[in-house]
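**Q** For reference, the sequence and a predicted model appear below.
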Amino acid sequence: MKPVLFVDVDGVLSLFGFPADAELPGPFHWIDGIAHCIPPENGARLVRLAERFELVWATGWEEKANEYLPHILGLPFGELHCLTFDGRARFGSSHWKIEAIDAYARGRPAAWIDDNVGDGGETWAHGRREPTLLIETQSPVGLTDRHVRELLGWARGLGRQRDR
Ligand SMILES: [Mg+2]
C-alpha cells in the first residue's frame, strides 16, 4: 500500500499573496465567483507524486477539488479521495483538518503538504508512530519541483526500510 499524501489546494496548487506588480505565476480560473491562480505545471507535479503516493484532497474546497481540479490541471486520474470537515473549514488555518487527516492516515505512513501546517500539524506529526512528513509551502509559490523531489525521496526511503 502506498503512503498517503494529503494535498491542500489554496497556497499549494492555487496561489495567492504574490506581489501585484509581479508576473502572474499562472492563469486565473473562476470557481464559485472567486478567481484562483493555478499554474498548470502543478498537474504534472501531482502526476509524478501519484506514482508513489495515494493522493488525498485535504482542503476547504472539499468536493469542489474533485469537481474542478482534474480538468483544470489535466490530471489523468479521476476523483481522489476527499476529506470533508462538516462546515469547520476556515481559510488561513488548518487545525480543523487534523482530525480527518489523522483518521485517514492511521496505520500508514503519511505526508501532508499545506501552506498552514502550523503548530497543530507539528504536534500531530510528532505524536504519530507511523513515518510522517510535513511540508509547508509559501502561498505565493505553492508546490515546487523541489517539494516533489523531497516527497518522492521520502517515499523511496520508506520502501528501503521495509526491504531490510
Ligand atoms: Mg491552504
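**A** Arrived safely, thanks for sending.

**Q** for Val148, helix, strand, or coil?
**A** In the three-state summary, Val148 is assigned as helix, counting by DSSP: H, G, I helix; E, B strand; the rest coil.

**Q** Just the buried residues of the lowest-mean-pLDDT helix or strand in the chain, please?
**A** For the chain, the helix or strand with the lowest mean confidence is helix 145-163, at a mean of 90 (criterion: mean pLDDT, DSSP states H and E). Counting neighbours by 16 or more other CB atoms under 10 Å, one finds that the buried residues in helix 145-163 are 147-148, 151, 154-155, 158. C-beta: built from backbone N, CA, C; applies to glycine.

**Q** So which residues on this protein come close to the ion?
**A** If contact is defined as CB under 5 Å from the ion, the residues of the chain in contact with the ion are 8, 10-11, 115.

**Q** Which elements pack onto the least confident helix or strand of the chain?
**A** In terms of contacts (3 or more CB pairs under 8 Å, 6 or more residues apart in numbering; DSSP states H and E), helix 145-163 is packed against helix 41-50, strand 110-114, strand 132-136.

**Q** before we move on, back to that, which one of the residues of the chain next to the ion sits in the busiest neighbourhood?
**A** Among those, Asp8 has the most neighbours (other CB atoms under 10 Å), with 28 neighbours.

**Q** Report pLDDT for that residue.
**A** Reading off the confidence values, Asp8 has pLDDT 97.

**Q** burial measure for the residue lying closest to it once chain neighbours are set aside, as a count.
**A** For Asp8, the nearest residue in space outside its immediate sequence neighbours is Asp114; the separation is 3.9 Å by CB to CB, 6 or more residues apart in numbering. Applying other CB under 10 Å, we find 23 other residues in the vicinity of Asp114.
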